[in-house]
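K.L.:
Quick one: sequence plus predicted model below, questions after.
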Amino acid sequence: MTALLRYQAALLIRSHRWLGPLLLYGAFLVIGVRSGEPVLDSLGVAAAALVPAAAWLTRVCVTNEPSSARDCAAAAAGPARAHLAAVLTALLASAALGTAVLPAASAGLVAALACALIGVAVGALCNRPLLRSTAWAVPSTVLAVFLVVFAGGSPAKAAVNGLVTGSLSGTVEVPLLPLAGAAVLAAGATAVACAASARRGAER
Amino acid sequence: MRLEGVGRRYGIGGPWVVRDVDLDVPAATLLRIEGANGSGKSTLLRLLAGIDAPSAGRVTGRPRTAYVPERFPPALPFTAVGYLTAMGRVHGLRRAVAARAAREWLERFDAGRHARTRLSELSKGTSQKVAVAQGLLAPAGLLVLDEAWTGLDHASRALLDEAVTERVAAGAAVVFVDHDPRRLAGAPDGVFRVEAGRVRPVAAPAADVALVRVEVAAPAGTALPAGLPGDPVAEVHRAGTVRLTVAADRSDALLRTLLTADPPWHVRAVTTLETNR
């Protein structure tokens, strides 16, 4: 697994395709974070913006290899493990993005992790092997990101809300429950995608 | 490794590409898979390589596997040696061993001077050498070659023949598809033909049989007549042109059938192929 992760990380870094998600994240921060507003509100924006960035990073990682190269790696390591490595690389990159921006204040960090996990879950479900064509993958990702950021019951929304209400009441709770929920959802989504990677291998 | 009742179809309720495949792939054997274009050869190879999971049946006893695709478009942001080292590690080699094996295989294929060239700048032939080296880097228990010889120069083809023979002698199972019916002639322990979604054993072609290659053309979309004499191996050469390779003693019958077919096929070239021995 370490070898696969190194390979995927090298692919991600050298492909420069991380630039898009990074710029998107930066744009959200520029628009959403204003000086003079409560810090926790800004943390909420920074965490919520990680959802689309992580979903995009996941798309980048699972579509980074041409199919012939993917086949070589899948034969060597098994298609499910190869796909898992791509998704994990995206998660590590998203978490790195979040921890670079959000201060080590534990509430902000935990909320960022929850949002990164939810973003990766969306990315895992809305791209190959489950949705192959860009025409389906991109609109579904956008729609799903809106749903998980704004719909009630989503761990990402719960984590962000925790920060925002914390800024109103003056006390902040570490959103551990949303983090656990996000982890479960991300694990489930990744398991479904990995299982499908061998089942739906050569389908175009 | 063993395939029991293996079938594969794309999508629930889709047509079976291959089905009811029972195939033993013991260690130290060389198997050749034949079949027309679109017959399901590549799907069978993907099942054997473990890239695709069977839709029915099961595969048991899979050893460490390596796969070489037919085409290797080099759209990866690595140098040749960088990619091979990374893949060597995925194949389970330690870093130093992987780096050494990557260099050695590039040297063997006379591509050592391209070691530091980016994959996207390599010629088609050299990227195929990288793909082949990727399959040979680590001592895999099963090597699956999908027309891996296509695009290689003469010396590299001979080298790959040699490497395959070495691997089998060392105890690996090697399964291959190649459009040249004389590829590794006489060496395969078994030959299987994929036809109408079924896989059946056929007699291995004798190593010294004289072969004739016939190049024929017809308006685009014309299918080859069914049941051609001599059971030729067909490959689409260019759009509208098909190359048929057949045993020399059946070539006259084959030409007669093609010329009298409706619509008739136009014969572009007839070449006698040299025998291997």
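P.N.:
Ah, there it is. Treat the numbers as computed from the prediction; the structure is a model and nothing was measured.
K.L.:
Please enumerate the helices of the chain.
P.N.:
You didn't pick a chain, so chain A it is. A:2-15, A:19-32, A:39-48, A:50-62, A:67-77, A:79-101, A:106-125, A:134-150, A:155-169, A:176-199 (DSSP state H).
K.L.:
meant chain B, my bad for not saying
P.N.:
Counting by DSSP H, the helices of chain B are B:41-49, B:80-90, B:95-108, B:124-136, B:154-169, B:251-259.
K.L.:
what residues are up against residue A:177?
P.N.:
By Cβ atoms under 8 Å, 6 or more residues apart in numbering or on different chains, the residues touching residue A:177 are A:155, A:158. C-beta: built from backbone N, CA, C; applies to glycine.
K.L.:
circling back: what I need now is the helices of chain A written out in JSON lines, including mean pLDDT for each item.
P.N.:
What follows is the helices of chain A, written out as JSON lines (pLDDT from 0 to 100):
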{"stretch": "helix A:2-15", "mean pLDDT": "96"}
{"stretch": "helix A:19-32", "mean pLDDT": "94"}
{"stretch": "helix A:39-48", "mean pLDDT": "86"}
{"stretch": "helix A:50-62", "mean pLDDT": "97"}
{"stretch": "helix A:67-77", "mean pLDDT": "95"}
{"stretch": "helix A:79-101", "mean pLDDT": "94"}
{"stretch": "helix A:106-125", "mean pLDDT": "94"}
{"stretch": "helix A:134-150", "mean pLDDT": "95"}
{"stretch": "helix A:155-169", "mean pLDDT": "87"}
{"stretch": "helix A:176-199", "mean pLDDT": "94"}
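K.L.:
Relative to residue B:210, which of those is closest?
P.N.:
Smallest distance to residue B:210 across those (Cβ to Cβ): 35.2 Å, for helix A:67-77.
K.L.:
The closest one - contacts with which helices or strands?
P.N.:
Applying 3 or more Cβ pairs under 8 Å, 6 or more residues apart in numbering or on different chains; DSSP states H and E, one finds that helix A:67-77 contacts helix A:2-15, helix A:79-101, helix B:41-49, strand B:65-68, helix B:80-90, helix B:124-136.
K.L.:
got a list of contacts for stretch B:86-95?
P.N.:
In contact with stretch B:86-95 (Cβ under 8 Å, 6+ apart) are residues A:3-4, A:6-7, A:10, A:72-73, A:76-77, B:64, B:66, B:78, B:85, B:97-99, B:101-102, B:134, B:137-138, B:140.
K.L.:
picking up where we left off before, out of the helices of chain A, nearest to residue B:183?
P.N.:
Short answer: helix A:67-77, nearest of the helices of chain A by Cβ to Cβ, at 20.6 Å.
K.L.:
re the thing from before, can I get the helices and strands packed on helix A:67-77 in CSV with distance to residue A:175 and mean neighbour count?
P.N.:
Shown next, in CSV, are the helices and strands packed on helix A:67-77 (distance: least, Cβ to Cβ, whole Å; neighbours: other Cβ atoms under 10 Å in any protein chain shown):
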stretch, distance to residue A:175, mean neighbour count
helix A:2-15, 27, 18
helix A:79-101, 13, 22
helix B:41-49, 44, 25
strand B:65-68, 44, 26
helix B:80-90, 37, 25
helix B:124-136, 45, 25
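K.L.:
Please name whichever of the ones you listed is nearest to residue A:161.
P.N.:
Using Cβ to Cβ, the helices and strands packed on helix A:67-77 put helix A:79-101 closest to residue A:161, at 17.3 Å.
K.L.:
Any buried residues in stretch B:153-163, and which?
P.N.:
Neighbour counts over stretch B:153-163 (16 or more other Cβ atoms under 10 Å in any protein chain shown) mark B:156-157, B:159-160, B:163 as buried.
K.L.:
swap in stretch B:251-264?
P.N.:
B:251, B:254-255, B:257-258, B:261.
K.L.:
Next: stretch B:219-235.
P.N.:
Result for stretch B:219-235 [16+ other Cβ under 10 Å]: buried residues B:222, B:224, B:228-230, B:232-235.
K.L.:
repeat for stretch B:183-191
P.N.:
B:183-185, B:188, B:190-191.
K.L.:
Let's see the distance spanning that stretch from one end to the other.
P.N.:
End-to-end span of stretch B:183-191 (Cα to Cα, to the nearest Å): 12 Å.
K.L.:
quick one: strands adjacent to the lowest-mean-pLDDT helix or strand in chain B?
P.N.:
Of the helices and strands making up chain B, the lowest-confidence element is strand B:233-238, at a mean of 78, by mean pLDDT, DSSP states H and E. For strand B:233-238, the paired strands and their directions (DSSP bridges) are strand B:241-247 (antiparallel).
K.L.:
how distant is stretch A:18-33 from the center of its chain?
P.N.:
How far stretch A:18-33 lies from its chain's middle: 14 Å, per Cα atoms, centre = their mean, to the nearest Å.
K.L.:
can it be found next to chain B?
P.N.:
No. Using Cβ under 8 Å from any Cβ of the partner chain, we find that stretch A:18-33 stays clear of chain B, coming within 11.9 Å at best.
K.L.:
which parts of that stretch are buried?
P.N.:
Along stretch A:18-33, these residues count as buried under the neighbour rule (16+ other Cβ under 10 Å): A:18, A:21, A:24-25, A:28, A:33.
K.L.:
ok so, going back, reformat the helices of chain B as JSON lines; add mean pLDDT.
P.N.:
Converted to JSON lines, those look like this (pLDDT from 0 to 100):
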{"stretch": "helix B:41-49", "mean pLDDT": "94"}
{"stretch": "helix B:80-90", "mean pLDDT": "97"}
{"stretch": "helix B:95-108", "mean pLDDT": "96"}
{"stretch": "helix B:124-136", "mean pLDDT": "95"}
{"stretch": "helix B:154-169", "mean pLDDT": "94"}
{"stretch": "helix B:251-259", "mean pLDDT": "88"}
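K.L.:
That's all I had, so thanks and see you.
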